[in-house]
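> starting from these lines, generate the structure:
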Amino acid sequence: RVRFRYKQWYQRRVRGQHYFKQINLSPAMDPNLTTDEIVETLSLIPHFEGGFFRETFRDPMVVDGDRTLVSYIYYMLTPTTPNTYWVRNKSPHMHLWHGGSSQVHLFIHPDGSLTKHKLGPDLKSGEEMQVLSPGNVWKLSYTTDQTKWSIITECVCPGWEERDFEYGDADSLSAEYPQHEGIIRKYCKKKDD
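Below you'll find the predicted structure:
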């Protein structure tokens, strides 16, 4: 008898359309929070690429001798730093959107192809709640509304290590991928930055 009641509830609530109409995929974070309020609340610190971050987890388990299994950070772009630079990381990064402006993520793959992904809450317009940045690709991200903050989580596996990171050089990248020279030069870190 209990099993029958549960099945009826499940069919009405979980599998029925009524249940799915009640799911709210709107931003979980208050869009009226200021950059300073988020920085203070989440104990974020300035990131060397711009914006703010805090490592929230680094697994004590190691792989390949000395690499942490996985690491997580909060990363926030702001109106004063609405984009990253072209960078390359050895490990793949999973980006998970939490709130604020949507983001565009661009990847230049080793074969020269450029892919674009939108990270954000508007699933109907093709945005995704999570975007995978493969290892060993050139990547950059920027906010779609540069008047707003945007906060994500980055999950890196194996965990992030400084030795696995490099900034793109505008001249070298433009020579390697001349078809993307405009966007490369626009977002490469300048030598005096």
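> now do the helices in the protein.
Counting by DSSP state H, the chain has helices at residues 2-9, 17-21, 35-42, 170-176, 181-187.
> could you tell me the least trusted of the ones you listed?
Sorting the helices of the chain by mean pLDDT places helix 17-21 lowest, at a mean of 38.
> where does this structure dip in pLDDT?
Along the chain, the parts satisfying pLDDT under 70 run over 1-28, 192-193.
> which residue ranges of this structure form strands?
All strands of the chain, identified by DSSP state E, fall at 45-46, 52-58, 62-63, 67-68, 71-77, 87-89, 93-100, 103-108, 114-119, 130-133, 138-143, 150-156, 165-167.
> indicate each strand paired with the fourth one and its parallel or antiparallel sense.
Which is strand 67-68. Sheet partners assigned to strand 67-68 using DSSP bridges are listed as strand 62-63 (antiparallel).
> make CSV out of the strands of the chain and add mean neighbour count.
To be clear about C-beta, it is placed using only N, CA and C from the backbone, and glycine gets the same treatment. Below are these laid out as CSV (neighbours: other CB atoms under 10 Å):
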stretch, mean neighbour count
strand 45-46, 10
strand 52-58, 16
strand 62-63, 12
strand 67-68, 19
strand 71-77, 22
strand 87-89, 19
strand 93-100, 20
strand 103-108, 21
strand 114-119, 16
strand 130-133, 18
strand 138-143, 23
strand 150-156, 22
strand 165-167, 14
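> JSON lines please, covering these and showing distance to M29.
Formatted as JSON lines, the entries for these read as follows, by distance: least, CB to CB, whole Å:
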{"stretch": "strand 45-46", "distance to M29": "19"}
{"stretch": "strand 52-58", "distance to M29": "14"}
{"stretch": "strand 62-63", "distance to M29": "33"}
{"stretch": "strand 67-68", "distance to M29": "28"}
{"stretch": "strand 71-77", "distance to M29": "11"}
{"stretch": "strand 87-89", "distance to M29": "25"}
{"stretch": "strand 93-100", "distance to M29": "3"}
{"stretch": "strand 103-108", "distance to M29": "14"}
{"stretch": "strand 114-119", "distance to M29": "14"}
{"stretch": "strand 130-133", "distance to M29": "16"}
{"stretch": "strand 138-143", "distance to M29": "14"}
{"stretch": "strand 150-156", "distance to M29": "7"}
{"stretch": "strand 165-167", "distance to M29": "27"}
